[in-house]
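Novice: Any chance you can model this:
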Amino acid sequence: MHLESWSHASSAGFTLRGWHSPPSGKPLLHFLHGNGYCGRVYEPMLADLAEDFDLWLCDIQGHGDSEHGGRFHGWNRSAELALEAFAVGRERFPEVPVFALGHSFGGVLTGLMLAQQPQLFRRAVLLDPVLFSPAMIGVMALSDVVGLSQRTTLARKARQRRSVWPDRAAAHAALCGRGMFRGWSDAAFAAYIAHALKDSEQGVELKCRPSREAEIFGSFPKRLWPSLAKVTTPTQVLYGQRSYPFVAKSVARWCAGNAHVSAQVVAGGHCFMQEQPQDSAERVSAFLLQRE
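Specialist: Prediction:
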């Protein structure tokens, strides 16, 4: 799979970067990654999708090759900036159908994008989006007020994450099959080692600083449920059987309140698309390319 790099000097004062396929006339698929990752970490799934689509991969602030950009500008602003970069980048592509795909944090951002620009994407698939329930958001908002937001379990774990290794082989040995990588296919884990790490003076380090990952885990999207209610783009949510319990509940709530949204449970955990890349790609293509 051949990809070309792009960069965009954003209106927030930092540079967003990512990758795209050479324009071929196929439908164009906009993809957003999960927290702590970057677009190319998903290469096994994306390589299969590249048979049917041209790809546009955007690395969110502080992820992949995008600049750290000071403080985290928030979920809603991140969605706006991804749209801003895509508006410029789309000019390289002919007039083709445009679709959206996102995982986890990137799945929520994609949902916010669908609410902001209802006409942009023909269809969308959200892979295990971390849709916080209204009750969870209420607790997080209160935590924000009393300064506890950065102390959530996921944020705390992220801050403690090791971020430097002597070389990629050492990182591979330390991480393979453990924690969030348990069950990942060899190809997906190899893509993480290749693309989520960068060379540094100490050897290799995570491109996404643990502090940025923690900032995201300790924050939440504003007006999430009012935004989800506005989505009119035909959207399918795929979520893992072993994912976070709140995901299934929130997805059921969204489907019950929005006729444009459907859901499907798949085998695997929160990163099921890294466990079963080919199956995930087939499910995504099947929904996006169905005839109107």
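Novice: Can you list the buried residues in the helix or strand containing residue 89?
Specialist: Take DSSP states H and E as the rule and residue 89 turns out to sit in helix 75-89. Judged by neighbour count using 16 or more other CB atoms under 10 Å, the buried positions of helix 75-89 are 75, 76, 77, 78, 79, 80, 81, 82, 83, 85, 86, 89. C-beta here means a position set from N, CA and C on the backbone, and glycine is covered the same way.
Novice: Next secondary structure element downstream of that helix?
Specialist: strand 98-103.
Novice: Quick one: list the elements packing against that following strand.
Specialist: Using 3 or more CB pairs under 8 Å, 6 or more residues apart in numbering; DSSP states H and E as the contact test, the elements touching strand 98-103 are strand 28-32, helix 105-116, strand 124-127, helix 277-288.
Novice: The third one - what's its average pLDDT?
Specialist: If I follow you right, that is strand 124-127. Averaging pLDDT along strand 124-127 gives 98.
Novice: For it, which outside residues touch it?
Specialist: Under the contact criterion CB atoms under 8 Å, 6 or more residues apart in numbering, strand 124-127 has outside partners 99-104, 107-108, 110-111, 114, 233-239, 272-273, 280, 283-284, 287-288.
Novice: The helices and strands packed on strand 98-103: which one's closest to residue 258?
Specialist: Distance to residue 258, taken as CB to CB, is lowest for helix 105-116 among the helices and strands packed on strand 98-103, at 10.5 Å.
Novice: show me the contacts for residue 196.
Specialist: With contacts defined as CB under 8 Å, 6+ apart, residue 196 is in contact with 36, 37, 38, 41, 64, 206, 207, 208.
Novice: Need these in a markdown table (columns: pLDDT, neighbour count and distance to residue 174).
Specialist: Formatted as a markdown table, the contacts of residue 196 follow (pLDDT from 0 to 100; neighbours: other CB atoms under 10 Å; distance: CB to CB, whole Å):
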| residue | pLDDT | neighbour count | distance to residue 174 |
| --- | --- | --- | --- |
| 36 | 96 | 25 | 16 |
| 37 | 98 | 28 | 17 |
| 38 | 98 | 25 | 19 |
| 41 | 98 | 29 | 17 |
| 64 | 98 | 23 | 21 |
| 206 | 97 | 20 | 12 |
| 207 | 97 | 22 | 17 |
| 208 | 97 | 27 | 17 |
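Novice: Dump those residues to JSON lines, plus distance to residue 8.
Specialist: JSON lines is the format used below for the contacts of residue 196 (distance: CB to CB, whole Å):
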{"residue": "36", "distance to residue 8": "22"}
{"residue": "37", "distance to residue 8": "19"}
{"residue": "38", "distance to residue 8": "15"}
{"residue": "41", "distance to residue 8": "20"}
{"residue": "64", "distance to residue 8": "13"}
{"residue": "206", "distance to residue 8": "23"}
{"residue": "207", "distance to residue 8": "17"}
{"residue": "208", "distance to residue 8": "18"}
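Novice: Just give me the closest of those to residue 1.
Specialist: The nearest member of these to residue 1, counting by CB to CB, is residue 41 at 13.6 Å.
Novice: my read: the closest one touches residue 33, true?
Specialist: Yes: with contact defined as CB atoms under 8 Å, residue 41 reaches residue 33; the gap is 6.4 Å.
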